[in-house]
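A.B. asks: Sequence and computational prediction follow.
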Amino acid sequence: MKGLILKDLYNAMTQGKVLLFMVVIFGVCFANAAEGTLIIMCTIYAAVLVINNMALDEMCAWETFALTMPVTRRQLALSKYVISVIYAFGGTLLGAIMTVVLRAAGFGGGGAPLGSILVITGVGMAISALFIAVLIPVNFKFGIQKGRFVLLSIAALIGGGGVLLSGSRGTRIMAAIGTFGEINGMLAALIAAAAVAVILVVSFGISVKIMEKKEF
C-alpha cells in the first residue's frame with residue numbers, strides 16, 4: 001500500500017511546474033475574492049489531481065502489472081482514495097497559507113472572521129469529496145476519457161449553482177452560512193468532515209466492487 005501511494009506522489013512531483021503555474025494563476029485571479037475562495041479552488045484542484053495519476057496508470061496498463069505483485073484489488077482502489085485525501089489536505093493547507101499571505105499584503109475580502117473561513121473551507125472539502133467520490137468509481141468502470149465528461153458535467157453543475165447563488169437569495173444563504181460559521185465554526189467543520197467521510201466510504205465500497213469484477 002505504501003508503495004502505491006509513493007508512486008502517485010512521485011507522479012505528482014513530475015508535474016511540479018504545472019502545479020506551480022496553477023498556484024500562481026489562482027493567487028492572481030482570486031487575490032481580491034472573498035476570503036475562502038482561494039482555499040476552495042486549491043482544495044478542489046488538488047483533489048482532482050488524482051485523475052492525472054489514473055490517466056498515467058491507464059496509459060501504461062499499471063493495474064494489470066500491479067496485480068502480478070502482492071497487491072490486492074482492494075488496495076489498488078484504496079490507494080486512490082488515500083492519495084486524493086492527501087492531495088485535498090495539501091491543497092487546503094496551501095490555499096490557507098496563500099490566503100494569510102495575501103491578507104497580510106492588503107488583499108482579500110475584508111478580513112472575514114475565522115469561523116466563516118472554516119465553513120468555507122469545509123464547503124471546499126465537501127466539493128472535492130464529491131469530485132473524488134464520483135470520478136474514481138467512474139474512471140475504474142469506464143476509463144479516463146468518459147470520466148472527463150463526468151468531471152465537466154460536475155463542474156457545470158457547480159458553476160450553475162454558483163450563478164444561482166449570486167442572486168439576492170444566494171446572498172442571504174451565504175450570509176446565513178457565514179453567521180453560523182461565526183457562532184459555531186468548529187461544529188460546522190465537524191459536520192463537513194462527517195459528511196465527507198460518509199461520502200468517501202460509500203464511494204470506496206462501490207469502487208471495490210467494480211475492481212473485483214473488472215477484467216484486465
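C.D. replies: Thanks, I have the structure now.
A.B. asks: end-to-end on stretch 52-72?
C.D. replies: 22 Å (Cα to Cα, to the nearest Å).
A.B. asks: Can you tell me what sits against that stretch?
C.D. replies: 4, 8, 11-12, 15, 73, 76, 80, 83, 136, 139, 143-144, 147, 216 (Cβ atoms under 8 Å, 6 or more residues apart in numbering). Every C-beta, even on glycine, is put in place using the N, C-alpha and C of the backbone.
A.B. asks: mind checking which helix or strand of the protein has the lowest mean pLDDT?
C.D. replies: For the chain, the helix or strand with the lowest mean confidence is helix 168-183, at a mean of 54 (criterion: mean pLDDT, DSSP states H and E).
A.B. asks: sorry, back to before: among the contacts of stretch 52-72, name the buried ones.
C.D. replies: Buried members of these, scored by 16 or more other Cβ atoms under 10 Å, are Leu4, Asp8, Asn11, Ala12, Arg73, Leu76, Lys80, Ile83, Ile136, Asn139, Ile144, Gly147.
A.B. asks: check which helix or strand covers the third one.
C.D. replies: Just to be clear, that refers to Asn11. Using DSSP states H and E, Asn11 sits within helix 2-13.
A.B. asks: now, the most widely separated pair of the buried ones among the contacts of stretch 52-72?
C.D. replies: Greatest spatial distance in these: Ala12 and Arg73, 22.9 Å, computed using Cβ to Cβ.
A.B. asks: follow-up on the earlier one: just the contacts of stretch 52-72 now: which is nearest Gly95?
C.D. replies: The closest of the contacts of stretch 52-72, once distances to Gly95 are taken by Cβ to Cβ, is Ala12, at 16.7 Å.
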